[in-house]
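# task: produce atomic coordinates for the following.
(4 chains)
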Number of protein chains: 2
Amino acid sequence: MARQQDDARERLIEGTSELLWERGYVGVSPAAILRRSGVGQGSMYHHFQGKGDLVLAAERHSAALMQEELRSVLTGEGTAFDRIAAYLLRERDALRGCRVGRLVADPEVVVNDQLREPVRETFALLHKFLVDVIEEGRAAGEFAPELDAEETADTLAAVVQGGYALARAEQSVVPYERAVRGALALLKAAAPSAG
Amino acid sequence: MARQQDDARERLIEGTSELLWERGYVGVSPAAILRRSGVGQGSMYHHFQGKGDLVLAAERHSAALMQEELRSVLTGEGTAFDRIAAYLLRERDALRGCRVGRLVADPEVVVNDQLREPVRETFALLHKFLVDVIEEGRAAGEFAPELDAEETADTLAAVVQGGYALARAEQSVVPYERAVRGALALLKAAAPSAG
DNA sequence: GTCTATACGATGATAGAC
DNA sequence: GTCTATCATCGTATAGAC
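Here you go, the predicted model:
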C-alpha cells in the first residue's frame, strides 16, 4: 500500500545522489532530477519541500553508504597496515571521485551548515577509524611509536581525496594509483625496524 | 590609447578567475562576472565570444599565477626536504582551496578538453618539479634510494589537494595542517639513516 | 500521490545606437 | 569600445484538477 509512494521517494533520493556526485549542488536542476529518477514533478514537490530538502536527503543517503563502506573496510580483520592498504587500494572509479567529498567543492554546500553536515560527519568518522587503526598498529609494533596518529590519519584521507583531483585533471587513474602507492610505501617505511 | 580597453579586459579576466575559484564554472554567471569586474555587458561580449571563452582566459590567468608560484617555491635554494616543506607549509588560505585544482570538480570543465587543459598542464608541471626535487634529495642522500620519485611526488600533490577538501568539510584549517605535517613526518622518516 | 498548467526571475546571448 | 534594449530558454516553485 505504501509501496508506490516509497518507490517514488527512493527513486528521487537515489537519482539525486547520483546527480550530486556527477555535478554538485549548483550543477543540478529539478528538471534533471525528474529525468534521472523517472518521476513526475508533482511527486517531487509532494515528497520534498524543494531542491534543498531533496538534496539534503540525497546527501544523507550518500553519507550512509560511504560510512558503511568505510566501517566495513577499516574495522575488519587483518593487520593495521593491511586494512589501511585495503582502504587505499579498494576498487573504485577514481575518475568519478568521492560521492561525499565531492560536495565540499560546491559553494552552496560549504556555506550552508545543514548541507555540509553529512560531509563533515563522514570525514569525522573516517578520521576516527584511521586514528584507531594507526594506534592499533603502533601498539602491535607495526608502526614506530613516534608516528602521530591524528596527523597520519589526515594525511591518508587527504591522499585519497587529492588523488581523485589529480586523476580528474589527467583523465587517467594513473596519478591516483601512484599517489596511494607512494603513501603506502612511506607508511611501510615507518615501521620500527625500517630505515 | 589601448589603456582603457585593456583595463576592461584585464578586470574581466581577474574578476572571472576569482569567481571561478569561489564557485566553479557552473556556479558563475555573466551577470555575476560583470558585477565583480565593474564592467558593462557590452564590454564583455566585445572582448570575449561568451562565457566559455572568458572562462578559458581566466583559467589561463590562474594557471600562470600558480605555475610561477610553484616554480618559485620548488626550484629555489635549500635542501630537497626544505623545499618540499616550503611547498606544503607555505602561507595559504586552506579554506579557499586551490584556484586551479578547484576546477576539476566542475562537471563542464572535466568534460571539455580545452577547459581542462590549464589544470592538466599545471598539475603536470607540479609533478615534474616534485619529481626533480625528490631525485635531487635522493642523490644528496636525504632520502632512501628506494623512494619512488614519481609515486611520492603524486602523494605530496594529493596531500595538498585533499587537505583542502578536509579543511572545507570541517570549515577549519586544522585538518589541512595535520595532513601536511603527517606527510612531512613520513617523508622525514624516509631518510636513509632513519628508522 | 501524481498530473498539467502557470508564473517569474535568472541565464546566456544578440542587436543596434552611441 | 561601451551602452541599453530585447530575446529565447532554463531553473525553481505554486495551484488546482484528478
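
# can you tell me the element residue A:124 falls in?
According to DSSP states H and E, residue A:124 maps onto helix A:113-139.

# then residue A:62?
Secondary structure here is read from DSSP H and E; on that basis residue A:62 sits in helix A:51-74.

# any low-confidence regions in chain A?
Per-residue confidence for chain A (pLDDT under 70) gives these ranges: A:1-5, A:193-195.

# show me what from it comes close to DNA strand D.
A:28, A:29, A:30, A:31, A:32, A:41, A:42, A:45, A:49, A:50, A:51, A:52 (Cβ under 7 Å from any atom of the strand). C-betas here are computed from N, CA, C, even on glycine.

# now which of these would you call buried?
Buried residues within the residues of chain A next to DNA strand D, defined by neighbour count using 16 or more other Cβ atoms under 10 Å in any protein chain shown: A:28, A:51.

# all helices of chain A, in order?
Listed in chain order, the helices of chain A (DSSP state H) span A:3-23, A:30-37, A:41-47, A:51-74, A:80-89, A:107-110, A:113-139, A:149-170, A:174-188.

# now do the contacts for residue A:177.
Contact partners of residue A:177, counting by Cβ atoms under 8 Å, 6 or more residues apart in numbering or on different chains, are residue A:94.

# pretty sure residue A:145 is touching residue A:135, no?
No: at 10.7 Å, residue A:145 and residue A:135 do not qualify as touching, with contact defined as Cβ atoms under 8 Å.

# more neighbours: the two, which one.
Taking other Cβ atoms under 10 Å in any protein chain shown, residue A:145 and residue A:135 do not tie; residue A:135 has more neighbours (16 against 8).

# quick check: nearest residue in space to residue A:79, chain neighbours excluded?
The shortest distance from residue A:79 to any residue other than its chain neighbours is 6.1 Å, reached at residue A:142 (Cβ to Cβ, 6 or more residues apart in numbering or on different chains).

# quick one: the one you found from residue B:100, how far?
Residue A:142 sits 37 Å away from residue B:100, taking Cβ to Cβ, to the nearest Å as the criterion.

# same question for residue A:109.
Shown here: residue A:109 relative to residue B:100, a distance of 20 Å by Cβ to Cβ.

# which ones among the residues of chain A next to DNA strand D also lie next to DNA strand C?
Of the entries in the residues of chain A next to DNA strand D, those that also sit close to DNA strand C under the rule Cβ under 7 Å from any atom of the strand are A:41, A:42, A:45.

# chain center to stretch A:156-166, what's the gap?
With Cα atoms, centre = their mean, to the nearest Å as the basis, stretch A:156-166 stands 11 Å off its chain's centre.

# does chain B sit close to it?
Yes: where contact is defined by Cβ under 8 Å from any Cβ of the partner chain, part of stretch A:156-166 touches chain B, namely A:156, A:157, A:158, A:159, A:160, A:161, A:162, A:163, A:164, A:165, A:166.

# mind listing what's buried along the helix holding residue A:62?
By 16+ other Cβ under 10 Å, the buried positions in helix A:51-74 come out as A:51, A:54-59, A:61-63, A:66-67, A:70, A:73-74.
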